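K.L.:
Below is the sequence, then the predicted model.
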Amino acid sequence: MQPNFDPQPVQLNGRHVRLEPLARRHAEGLFAASRDPDIWTYLTIAQFAQVRDVEKWIDDALLGQQAGNEVAFATVRSSDGRVVGTTRFLDIRRAHRALEIGWTWIDPEFHRTAVNTEAKYLMLRHAFDEHGAVRVQLKTDERNARSRAAIARLGCTFEGILRNYQTYSHGFVRNTAMFSLTTAEWPAVKARLEERLLK
């Protein structure tokens, strides 16, 4: 019997990071983690100017969560509790046992470290192993080579470009690169990620 496909706020614990259900208490840490302008190059909203902006963004995420559309997390370094970024389950399609991992960003200090890899692993494991997902998708700006490479390194399959898919706060209309992972692919991807994280 398949588990009920209904992702809810829950803490996901790893060796390097833990994903905590997003709350206003994370606002100051997220603001500190968000100061590098490079983070905002490919995000569809403007850079946070003050902690109040983060609080409003968190409130909006929690409204989406209450509506059942997404589940938002703060990415927290396990060793010292430092908030280093954020990520979400979104586009939750319960009838189809599918969702998206997105709204992911981390302080550039932690790029190409175990932080993002383990966060994605925790979310994929939760979606596939705990909830019986049949598809998890990830997408990014077509121009974002770093993000596209990181998604490909996870073992996701590139599915194509969605043209004129989203509009940025400053009016730019972006093309979106779509990737996915399916139930059949997950065991091999899981094994590779676990091997990487144990190194």
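P.N.:
Received it, and whenever you're ready, just let me know what you need. Numbers count the residues shown, from 1 in each chain.
K.L.:
mind listing what the nearest residue in space to Asp91 that is not next to it in sequence touches?
P.N.:
Excluding its sequence neighbours, the residue lying closest to Asp91 (CB to CB, 6 or more residues apart in numbering) is Glu100, at 4.2 Å. All C-beta spots, glycine's among them, are computed from the backbone N, C-alpha and C. Glu100 is in contact with Phe89, Leu90, Asp91, Val136, Gln137, Leu138, Lys139, counting by CB atoms under 8 Å, 6 or more residues apart in numbering.
K.L.:
what about this structure, any weak spots by pLDDT?
P.N.:
Within the chain, the stretches with pLDDT under 70 are 1.
K.L.:
What segments of it are helices?
P.N.:
27-33, 51-66, 114-125, 145-154, 186-198 (DSSP state H).
K.L.:
looking at the ones you listed, which is closest to Trp105?
P.N.:
Taking CB to CB, helix 27-33 is the member of these nearest to Trp105, at 8.3 Å.
K.L.:
picking that back up, if I look at the residue nearest to Asp91, how far off is Ala177?
P.N.:
Computed as CB to CB, to the nearest Å, the Glu100 to Ala177 distance reads 13 Å.
K.L.:
Tell me the residues that contact both of these two, please.
P.N.:
Lys139.
K.L.:
residues of stretch 186-199 that come out buried?
P.N.:
Trp186, Val189, Lys190, Leu193 (16 or more other CB atoms under 10 Å).
K.L.:
Let me fix that, I meant to ask about stretch 44-59.
P.N.:
Buried residues in stretch 44-59 (16+ other CB under 10 Å): Phe48, Asp53, Val54, Glu55, Trp57, Ile58.
K.L.:
Also stretch 143-150?
P.N.:
Using 16+ other CB under 10 Å, the residues of stretch 143-150 that count as buried are Asn144, Ser147, Arg148, Ala150.
K.L.:
quick one: contacts for the last one?
P.N.:
Contacts for Ala150 (CB under 8 Å, 6+ apart) come out as Asn116.
K.L.:
same deal with Pro108?
P.N.:
Pro108 touches Asp36, Asp38, Ile39, counting by CB under 8 Å, 6+ apart.
K.L.:
Just the buried subset of those, please.
P.N.:
Buried among the contacts of Pro108 by 16+ other CB under 10 Å: Ile39.
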